[in-house]
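1. model the structure of this input:
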Amino acid sequence: MGLCLVGTSAMAQQVTLYGTIDTGITYISNAGGKSLIEMQPNIMWKSAWGIKGTEDIGSGTKVFFDISNTFNTATGANYGFGPAFGVTNDTWGTLTAGQLNDFMFLSLTVSRWGPQLYSAPPYYTSAGPFDKLGLNAGTMDFNGLAGWYVFNNALSYRSPTINGLTVGAMYAFGNVAGHMGRGDTQSFGVDFSRGPLQMDAAYTFTRSSDVIQSGQALRNWGLGGRMAVGAAFIDAIYTNTRNTAVGTGVQVIGAGAQYPVTRNTVMSMNYHYDWANAAQNSYHAHQIGAGLFYGLSKRTDVYLNLVWQRASGDGAVAEVNYTHTASSTASQTVARVGMTHRF
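-> Numbers count the residues shown, from 1 in each chain. Predicted coordinates for the structure are as follows:
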């Protein structure tokens with residue numbers, strides 16, 4: 001829904017109310033030693049509503065804002081998420097301030113999957129038996145591909161696309177008096193698109209206490225890409241994660257495919273292999289996922305996700321991303337049926 005307004009300067013202003021609702025029923029084969037069937041919202045998309053707007057101030061320049069509120073469809077809980085304010089110019093690019101995602105998510109997930117993002121649930125991304133990384137959320141989304149972590153006090157620049165190439169940089173201030181670098185985050189992304197090929201790279205270094213234990217730092221970098229093959233898409237990813245304070249590290253290599261079975265039905269498949277260094281007990285994990293997505297309309301989808309993870313190493317336990325609970329054994333299976341509506 002859009003509202004066109006005219007301000008006192010007679011410049012065109014566009015304000016839009018928008019939102020997404022996502023919920024479903026999830027089965028987890030082993031959640032801390034027992035099977036679990038639960039209502040689980042906010043998997044394919046965050047359930048949220050927001051207001052965003054732009055004002056054309058001339059010479060190819062627009063001021064924009066985006067204010068949203070995320071909510072839990074199962075409990076009614078509300079919490080703010082991702083306010084952003086900035087300026088964009090056709091020639092010079094986009095400068096944004098607010099609570100922002102880093103480029104591990106923006107480049108290696110949003111840009112890499114592109115129009116197929118809706119068929120890639122966060123279950124496809126990484127968690128697993130890697131508890132020594134020191135993250136505040138355990139092993140959940142340790143390489144940042146699911147966009148679980150957002151960064152406060154952030155300033156981001158993204159260039160215009162020139163001959164298929166886009167670059168970006170983000171800095172999130174730690175806001176600690178007398179210590180410019182304490183608690184800060186630096187992130188960079190490069191995206192290239194030409195014909196059927198998409199290639200992406202990203203780097204993030206963070207000392208944010210919202211992400212990692214105080215006094216430690218997390219470094220993530222990765223490379224990925226997507227290619228159209230007829231009506232199908234195939235994708236690949238490599239990421240490297242390291243706690244630079246204690247030396248624990250995990251690497252991930254993965255591949256996937258998305259194929260339109262019918263005009264309204266898309267099937268997706270995903271595999272990734274995660275392996276840790278000796279400081280993280282040399283644990284390994286294999287994960288296979290599949291999904292089926294059916295569009296009831298332009299705004300409403302129903303979907304089915306199936307994911308299985310197998311961990312290896314003495315004492316290693318499996319944990320599929322976004323289950324929020326590790327298995328008590330080396331394997332974990334997740335099945336979900338859900339619905340998403342956008343307005």
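
2. show me where the stretch 51-200 of the chain has strands.
-> Remark: strands assigned in the stretch 51-200 of the chain by DSSP state E, counting those that start in this stretch are 61-71, 78-80, 84-89, 93-100, 151-158, 165-172, 185-194, 197-206.

3. which of the residues in the fourth one are classified as buried?
-> Translated: strand 93-100. Within strand 93-100, the residues that count as buried by 16 or more other C-beta atoms under 10 Å are 93-94, 96, 98-100. The C-beta positions use only the backbone N, C-alpha and C, and glycine is treated the same way.

4. only alpha carbons, please: show it as PDB.
-> Below are the C-alpha coordinates for strand 93-100, written out as PDB (Å, rounded to 0.1, in the frame of the first residue of the first chain):
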ATOM      1  CA  GLY A  93      25.700   5.300  -4.600                       C
ATOM      2  CA  THR A  94      23.900   4.800  -1.300                       C
ATOM      3  CA  LEU A  95      24.900   5.900   2.200                       C
ATOM      4  CA  THR A  96      22.800   4.300   5.100                       C
ATOM      5  CA  ALA A  97      22.900   4.700   8.800                       C
ATOM      6  CA  GLY A  98      21.100   2.500  11.400                       C
ATOM      7  CA  GLN A  99      20.900  -1.000  12.600                       C
ATOM      8  CA  LEU A 100      22.200  -2.900   9.600                       C
END
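
5. specify the angle between it and strand 185-194 in degrees.
-> Calculated by axes from the mean of the first three to the mean of the last three C-alpha atoms, to 10 degrees, strand 93-100 forms an angle of 130 degrees with strand 185-194.

6. what pLDDT, on average, does strand 93-100 get?
-> Regarding strand 93-100, the rounded mean pLDDT is 97.

7. just checking: what are the partner strands of that strand?
-> strand 84-89 (antiparallel), strand 151-158 (antiparallel) (DSSP bridges).

8. what mean pLDDT does the last one have?
-> So the one you mean is strand 151-158. Rounded mean pLDDT across strand 151-158 is 97.

9. return the set of buried residues in that strand.
-> 151, 153-154, 156, 158.

10. quick one: which of those is nearest to residue 190?
-> Nearest to residue 190 among the buried residues of strand 151-158: residue 158, at 10.9 Å, using C-beta to C-beta.

11. rewinding a little: need the strands paired with strand 93-100 in TSV with distance to residue 132, can you?
-> Formatted as TSV, the strands paired with strand 93-100 follow (distance: least, C-beta to C-beta, whole Å):
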stretch	distance to residue 132
strand 84-89	34
strand 151-158	23
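
12. closest to residue 40 out of those?
-> Within the strands paired with strand 93-100, the stretch nearest residue 40 is strand 151-158; the backing value is 25.2 Å (C-beta to C-beta).

13. can you tell me which of the strands paired with strand 93-100 is nearest to residue 186?
-> Once the strands paired with strand 93-100 are compared by C-beta to C-beta, strand 151-158 is nearest, at 10.1 Å.

14. mind listing what residue 327 touches?
-> Residues near residue 327 by C-beta atoms under 8 Å, 6 or more residues apart in numbering: 29-32, 317-319.

15. again with residue 91
-> Contacts of residue 91 (C-beta under 8 Å, 6+ apart): 60, 160.

16. so how far is residue 62 from it?
-> 12 Å (C-beta to C-beta, to the nearest Å).

17. likewise for residue 237?
-> Taking C-beta to C-beta, one finds residue 237 at 33 Å from residue 62.

18. ok, the closest residue to residue 64 other than its chain neighbours - contacts?
-> Spatial nearest neighbour of residue 64, excluding adjacent residues (C-beta to C-beta, 6 or more residues apart in numbering): residue 54 at 4.5 Å. Going by C-beta under 8 Å, 6+ apart, residue 54 touches 13-14, 62-64.

19. which one (most neighbours) among those?
-> residue 62 (20 neighbours; other C-beta atoms under 10 Å).

20. let me see the contact set for that one.
-> 54-56, 87-89.

21. go again with 6 Å.
-> 54, 56, 88 (C-beta atoms under 6 Å, 6 or more residues apart in numbering).

22. per-residue confidence for it?
-> Value for residue 62, per-residue pLDDT: 97.

23. what does the one 4 residues further on give?
-> With respect to pLDDT, residue 66 scores 96.
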